[in-house]
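Undergrad: Dropping the sequence and predicted coords here.
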Amino acid sequence: MTTKNLNAFPIEGAVALVTGANRGLGRHFARQLLERGAARVYATARRPETIDLPGVVPLRLDVTDEAQVLAAAATATDVTLLVNNAGVSHSTYFLTTDPAAIRVEMETNFWGTLTAVRAFAPALAANGGGAILNVLSAQSWHAYPGTNGYHATKAAQWALTNGVRLELPGTLVTALHLGAVDTDFSAGYDGPKGDPAETVRAGLDGIEAGAAEVLADAWSMHVKKSLAEDPTRLYDEIRAGVV
């Protein structure tokens, strides 16, 4: 499901930069962007030597390192589409986990995204406005045992996305929400997992349709709908292992 916006963004001919592109969803994003006719795809990672996708431009980028983010922005001045995909989850609980682990999650998922947006916004504006796709989660809207820190960071990243949308009126800003998908990121999760290629396709379809928000799967749609209801039902489902 997508929520429409007036700023449809064609991927063919675009110059994209994808964070965390060496594996998982990020690698799928880079590949599908090339398949859709992007003129150039900067595939970034902390260790660019791990990027093995033909046709991309590897670039070193740790989103928690402001100097690296600014250096990447100075190199990729032709970017018209920024895909903020990089993220971490350290299996955190609020009451028992070392707070340092939660801070690392926030540094990557929230502050890393904000740093990238601030660094690349001038290039996007100079190149006609462009688009930003922030990879969020159904956990933007719900807690889950063992990922409460991640939930807090994704809720903050959702708020960031909505705020940036208002501050960059000439840029399409899209939020992609998804449940668990079958990548290394979710290797420790035993529940149902979606196809990462389908999730990425939904996100890119949303960009091309000018969507402000994309709900990539049934779980994300269910959780979003539950926000208007008594939360007891949703958390009863989570406790019962429905998800």
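TA: Now that the structure is in, tell me what you want to look at.

Undergrad: show me where pLDDT drops low in the protein?
TA: Across the chain, residues meeting the criterion (pLDDT under 70) sit at 1-6, 182-194, 242-243.

Undergrad: Return the backbone torsion pair for the residue nearest the centre of the chain.
TA: Nearest to the geometric centre of the chain sits Val135, at 1.5 Å (Cα atoms, centre = their mean). Torsion angles at Val135 (phi, psi; degrees, to the nearest 10) stand at phi -80, psi 110.

Undergrad: Distance check, it against Ala228.
TA: 24 Å (Cβ to Cβ, to the nearest Å). In this view, the C-beta of every residue, glycine as well, is placed from N, C-alpha and C.

Undergrad: Same question for Ala39.
TA: 42 Å.

Undergrad: The residue nearest to the centre of the chain touches Val83, doesn't it?
TA: Yes: using Cβ atoms under 8 Å, Val135 makes contact with Val83 at a distance of 7.2 Å.

Undergrad: how many other residues sit next to Asp205?
TA: Look at Asp205: counted by other Cβ atoms under 10 Å, it has 15 neighbours.

Undergrad: likewise Ala119?
TA: Counted with other Cβ under 10 Å, the neighbours of Ala119 add up to 20.

Undergrad: Please apply the same query to Trp111.
TA: Trp111, neighbours per other Cβ under 10 Å, totals 18.

Undergrad: Excluding chain neighbours, what is closest to it?
TA: In space, and not counting its chain neighbours, Trp111 is closest to Thr64: 7.1 Å by Cβ to Cβ, 6 or more residues apart in numbering.

Undergrad: Look at that neighbour and tell me its secondary structure.
TA: The three-state assignment at Thr64 reads coil, by DSSP: H, G, I helix; E, B strand; the rest coil.

Undergrad: Start the count at 8 instead of 1 going forward.
TA: Got it, the first residue is 8 from now on, which makes the last one we talked about Thr71.

Undergrad: separation between it and Gln39?
TA: 26 Å.

Undergrad: From the chain's centroid, how far away is the longest helix belonging to the chain?
TA: Counting residues, the longest helix found in the chain (DSSP state H) is helix 155-174. Centroid separation for helix 155-174 versus its chain: 11 Å, with Cα atoms, centre = their mean, to the nearest Å.

Undergrad: Tell me which residues are up against that helix.
TA: Contacts of helix 155-174 with the rest of the structure, by Cβ atoms under 8 Å, 6 or more residues apart in numbering, involve 96-97, 99-101, 104, 108-109, 112-113, 115-117, 120-121, 124, 139, 141, 143-144, 146-151, 180, 182, 219.

Undergrad: ok, then the element right after it?
TA: Beyond helix 155-174 on the C-terminal side, the first helix or strand identified by DSSP states H and E is strand 179-184.

Undergrad: Can you list the helices and strands that that following strand packs against?
TA: Secondary-structure packing of strand 179-184 (3 or more Cβ pairs under 8 Å, 6 or more residues apart in numbering; DSSP states H and E): strand 138-142, helix 155-174, helix 203-216, strand 218-222.

Undergrad: Identify the residues contacting the first one?
TA: Outside strand 138-142, the residues within contact range by Cβ under 8 Å, 6+ apart are 14, 16, 21, 32, 87-92, 94, 120, 124, 127, 131, 164, 167-168, 171, 175, 178-183, 185, 210-211, 213-214.

Undergrad: now swap in stretch 238-250 and tell me
TA: Stretch 238-250 is contacted from outside by His149, Ala150, Tyr151, Pro152, Gly186, Gly198, Pro199, Trp226, Val230, Ser233, using Cβ under 8 Å, 6+ apart.
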